[in-house]
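**Q** Just the structure for this:
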Amino acid sequence: MQIMIKSLLEDLNKYVKAMQENSEKAKQFSDLFRENYMSLKEEQQLDDFYERLWSEFSSDPKIFTLILSIIYDVVRDDRSLCEIFYLLQHSDMDLLTQIYIRDQLETCIFRNSNLSRNYRNRRNLHKQLLTKLENLIDVNLDYKPYKFRNKKRIVLTICQLLGDSHAPTRVLKEICYILQNKFHYEVLVIVAIDDMYDGDLSSIWYHPAISFYNENYNGSFTVKYKEEKINGFQFIMNHRNLGIIKKLINIICNYNPAFIWHMGNRCLFADLFRKYTTVMAMPFTDGYTISEAQIMCTYLNSHSDEIKDMEAYLGETGQKPLQYDLRLPLTPSMKTYHRKDFNIDDKDFVITVVGNRLDIEVNNEFKQLLRKILKNSSRISIAFVGIFESYPSFVNEDEIFSTRTKFLGYQEDLIGVLGIMDLFLNPPRQGGGGGAVYSLYNGVPVVTLNYCDVANSLEPEDTCNSIQEMFELIQKYFYDKEFYQKQSVKALEIRKKRGLDVFFNNTKTMLEEAVELFE
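**A** Below you'll find the predicted structure:
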């Protein structure tokens, strides 16, 4: 066994060297490492392999992190990510390096790693990092009870503000609009870009994710949405801007809002305010975010086992859960699209896969499902919509992909384009909720697993427990015309739930319930 472990480490070393030299042999070494790694896993010998890694590299946690991230990149086994989690919690690394590595881990989790079920571990790490940041910034302010706050001011925080086609940005702007236009709140938006990326840190994670943000918003900004102006401030949270964080805390506390409403994923900056005022944290994905906020709000709740575990943990911490029945109004397309516009045959049964991370989400498991679907009938075709830079190499993998799939690119008018499809297929992932809602609005049924954002738009009986169930449901949609028609009519019911009056009433109810939790 020791010989096999040594051989595996040598394979990894060869792969890294081949990548550094941009050698054509890189794929060969990658495949060899993956094959040998999976053999160790099948023989339940991975403990020995990782113990060997710990004994050789734990004295240099940055190098060890890099090695573990390479392993994850090659084999996509969550065990390597678990080891990084443990390393983060038990090694002596500086705070900003820890934040950078944690952000890379969370990106892997969002991209459909099973590690996302380990909510407690992620919360513990977040609290550890938050405590370190508080000690580093050292702000000395008293907590202000709700009765002494300005009841008509709200501060919204978010980690990324992009264009209106970016679903989280649109959600934030819609909420800003209704808070200002209908409820007459004074709203201030703080965009805290969690970006620790620099030349040194980039060398401790293989193929690191990079934060995207609009530099035009840096500093004070004003954006117009509908007839409302949204005022805000954007800053980059890195080692150069710790002083800005301290100033912003003082400015916002003097602004004295009724509460801080954080939207999105984990945000250390937003959580800093929990000692001075009430913080409500709400993710854009299924369940609850990683936060120490007093109020944990959710508008996507699939009631999966993962979510139940989250809710149990909130009970242990004393955090108060709050359900927001958020139903944003939908604007129909002003244009009617036809299949001939995209060179799609009218006789085909077209299944669409939509996303801006298709390079990652169309993984080997999902490719196997697509092959199985396409082999089922020559009338079935797949249309990808979004960002799929690796599509040229994807079609070269299999003749059936090159002849029976199309890539329509990024479509600004997504709600209109999805009207020409027959079925919306959601890959195993957390996101995809916006595209699914647009499909349902067009009467296009949706096929998805039951533990993601998309599942929140469907009845439980219309979701799937496994990839195999997804395949079987697609077959039923294809062969059973009566069933398809019934589900198409059912899909159209979403239109009744997406009016401005519903949005207003549900937001009013949520705000009233939130205030009760403040007092």
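**Q** For the stretch 1-150 of the chain, just list every one of the strands.
**A** Counting by DSSP state E, counting those that start in this stretch, one finds strands in the stretch 1-150 of the chain at the ranges 150-158.
**Q** what stretches of it score poorly on pLDDT?
**A** Along the stretch 1-150 of the chain, the model assigns pLDDT under 70 to residues 1-4, 112-117.
**Q** what about Y143, distance to F259?
**A** 13 Å (Cβ to Cβ, to the nearest Å). For glycine as for every other residue, the C-beta is placed from the backbone atoms N, C-alpha and C.
**Q** so what sits against both of the two?
**A** Counting by Cβ atoms under 8 Å, 6 or more residues apart in numbering, the common neighbours of Y143 and F259 are T277.
**Q** Which one's more surrounded, the two?
**A** Taking neighbours as other Cβ atoms under 10 Å, Y143 and F259 compare with F259 leading, 24 against 11.
**Q** per-residue confidence at the closest residue to the more buried one other than its chain neighbours?
**A** Spatial nearest neighbour of F259, excluding adjacent residues (Cβ to Cβ, 6 or more residues apart in numbering): T278 at 4.2 Å. According to the predicted model, the pLDDT of T278 comes to 97.
**Q** try the one 4 residues further on
**A** In the prediction, the pLDDT value recorded for M282 is 96.
**Q** End to end on stretch 412-425, go ahead and measure it.
**A** Using Cα to Cα, to the nearest Å, the gap from the first to the last residue of stretch 412-425 comes to 19 Å.
**Q** Could you give the separation of it from the chain centroid?
**A** Its chain's C-alpha centre and that of stretch 412-425 lie 22 Å apart, by Cα atoms, centre = their mean, to the nearest Å.
**Q** again, but for stretch 213-221
**A** When C-alpha coordinates are averaged (Cα atoms, centre = their mean), stretch 213-221 and its chain have centres 22 Å apart.
**Q** Give me the mean pLDDT for it.
**A** Along stretch 213-221, the predicted local confidence has a mean pLDDT of 92.
**Q** CA-only coordinates of that stretch, as PDB, when you get a sec.
**A** Listed in PDB are the C-alpha atoms of stretch 213-221, where the atom choice follows Å, rounded to 0.1, in the frame of the first residue of the first chain:
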ATOM      1  CA  TYR A 213     -17.300  43.500  -9.700                       C
ATOM      2  CA  ASN A 214     -18.100  46.800 -11.400                       C
ATOM      3  CA  GLU A 215     -15.300  49.200 -10.700                       C
ATOM      4  CA  ASN A 216     -17.600  52.200 -11.600                       C
ATOM      5  CA  TYR A 217     -19.300  51.700  -8.300                       C
ATOM      6  CA  ASN A 218     -16.100  52.100  -6.200                       C
ATOM      7  CA  GLY A 219     -16.700  54.800  -3.600                       C
ATOM      8  CA  SER A 220     -20.000  56.600  -3.500                       C
ATOM      9  CA  PHE A 221     -22.400  55.800  -6.300                       C
END
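**Q** for that stretch, which positions count as buried?
**A** 213-214, 217, 221 (16 or more other Cβ atoms under 10 Å).
**Q** Stretch 51-62 too?
**A** For stretch 51-62, the neighbour count (16+ other Cβ under 10 Å) marks 53, 57, 61-62 as buried.
**Q** Quickly name whichever of the residues you listed is closest to E516.
**A** Using Cβ to Cβ, P61 comes nearest to E516 of those, at 45.5 Å.
**Q** which residues touch that closest one?
**A** For P61, the contacting residues are 87, 91-93, taking Cβ under 8 Å, 6+ apart as the criterion.
**Q** Highest neighbour count among these?
**A** Using other Cβ under 10 Å as the neighbour criterion, L87 leads the contacts of P61 with 20 neighbours.
**Q** surely that one meets F64?
**A** Yes: using Cβ atoms under 8 Å, L87 and F64 qualify as a contacting pair, with a distance of 6.2 Å.
**Q** anything in contact with each of these two?
**A** With Cβ under 8 Å, 6+ apart applied, the overlap between the contact sets of L87 and F64 consists of S58.
**Q** about what we covered before: tell me the two of the contacts of P61 that are most distant?
**A** L87 and D92 (10.7 Å).
**Q** helix/strand/coil for R274?
**A** At R274 the chain is in helix, as set by DSSP: H, G, I helix; E, B strand; the rest coil.
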